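Engineer: Have a look; sequence and predicted model below, questions after that.
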Amino acid sequence: MSVNRVIKRITTNTLQEMKSKGEKIAMLTSYDFSMAKIVDEAGIDVILVGDSASNVMAGHETTLPITLDQMIYHAASVVRAAQRALVVVDLPFGSYQGNSKEALNSAIRIMKESGAHAVKLEGGLEIRESIERIITAGIPVMGHLGLTPQSIYKFGTYTVRAKEEAEAQKLKEDIITLQEAGCFAVVLEKIPAALAAEATMSVGIPTIGIGAGAECDGQVLVVHDMMGLNKGFRPRFLRQYLNLYEQMNGAVKAYITDVKSNDFPSEKEQY
Ligand code: KIV
């Protein structure tokens, strides 16, 4: 007899309940079907189809070149794999900064063409109108403050943000703005742990940290980084769980040796 297990989908409400109960939220990125299936079946709460795909999938130096069409392609692949996780998709650089109508159109395309459950935008007060317009259309929005990689050429460096009082103050105001605008959660990237703790306490919506300390309501990492696929990338905030680069490199070398030595395919591996 086959038993059909009903998988209950994580929603934005689930994340809110988790914050209320003090239960931490685990989020990872994914950009393709195979990785998303592993991540989802392991029980991750949120899958972020991040514009970090620009770096880890396409090999660009920054997140700026990735297009809306490319994000939709990655997102649709992830959605096909994710049965339990909430799937959040980054609006890429240039798809929402122009005006709120452009932002809404981009968010609608992502939802319609990929089947994802929410979008993420980088920024605070300056994009409030866009966030409100997207949410009014019924699309959940996750915010993103601190180190916002789409602004890398303004920052000039990937070092910790908001160490100075003025920037810390703006972040504290921005997180309130994002909550008032209706965001269901906010990513806090690479800011001092004490500031992230204060920001987390100041709002009712969950914060998800990356390089923002232990007091955030959840944590996010780029899956390629935590799996050790991104050779040589070892920032302080990263916990690397595997060394897949070395393991995969070794496997490819073994395959090459087997082919060249006529060891593969064996009799059992042919028809
Ligand atoms: O694009 C991304 O992967 C992100 C995370 C680092 C939060 O925005």
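Structural biologist: It's in.

Engineer: where along the stretch 51-200 of the chain do the strands fall?
Structural biologist: Here the stretch 51-200 of the chain has its strands, by DSSP state E, counting those that start in this stretch, at 86-90, 118-120, 141-146, 185-189.

Engineer: Given the shortest one, what are its sheet partners and their directions?
Structural biologist: In this case it means strand 118-120. strand 86-90 (parallel), strand 141-146 (parallel) (DSSP bridges).

Engineer: In the shortest one, which residues are buried?
Structural biologist: This points to strand 86-90. Leu86, Val87, Val88, Val89, Asp90 (16 or more other C-beta atoms under 10 Å). Backbone N, C-alpha and C define where each C-beta goes, glycine included.

Engineer: quick check: angle from that strand to strand 185-189?
Structural biologist: Going by axes from the mean of the first three to the mean of the last three C-alpha atoms, to 10 degrees, strand 86-90 is angled at 60 degrees with respect to strand 185-189.

Engineer: Point out the residues in this protein that sit beside the ligand.
Structural biologist: Thr29, Leu48, Gly50, Asp51, Ser52, Asp90, Val187, Glu189, Ile210, Val220, Val222 (C-beta under 6 Å from any ligand atom).

Engineer: Okay, the closest residue to the ligand within the stretch 51-200 of the chain and Gly211: tell me how far apart.
Structural biologist: Residue nearest to the ligand within the stretch 51-200 of the chain: Ser52 (3.2 Å; C-beta to the nearest ligand atom). Using C-beta to C-beta, to the nearest Å, Ser52 is found at 13 Å from Gly211.

Engineer: any chance you could map the helices in this protein?
Structural biologist: Per DSSP state H, the chain carries helices over the ranges 12-21, 33-41, 53-56, 68-81, 100-114, 128-136, 152-155, 165-181, 193-202, 223-226, 244-260.

Engineer: Burial check on Phe237, number of neighbours?
Structural biologist: 16 (other C-beta atoms under 10 Å).

Engineer: ditto for Thr177
Structural biologist: Thr177 has 19 nearby residues by other C-beta under 10 Å.

Engineer: OK, contacts around it?
Structural biologist: Gly124, Leu125, Arg128 (C-beta atoms under 8 Å, 6 or more residues apart in numbering).

Engineer: wait, what's in contact with the nearest residue to the last one once chain neighbours are set aside?
Structural biologist: In other words, Arg128. Spatial nearest neighbour of Arg128, chain neighbours left out: Ala181 (5.1 Å); criterion: C-beta to C-beta, 6 or more residues apart in numbering. By C-beta under 8 Å, 6+ apart, the contact set of Ala181 is Arg128, Ile131, Glu132, Ile135, Val141.

Engineer: repeat that for 6 Å
Structural biologist: Going by C-beta atoms under 6 Å, 6 or more residues apart in numbering, Ala181 touches Arg128, Ile131, Glu132.
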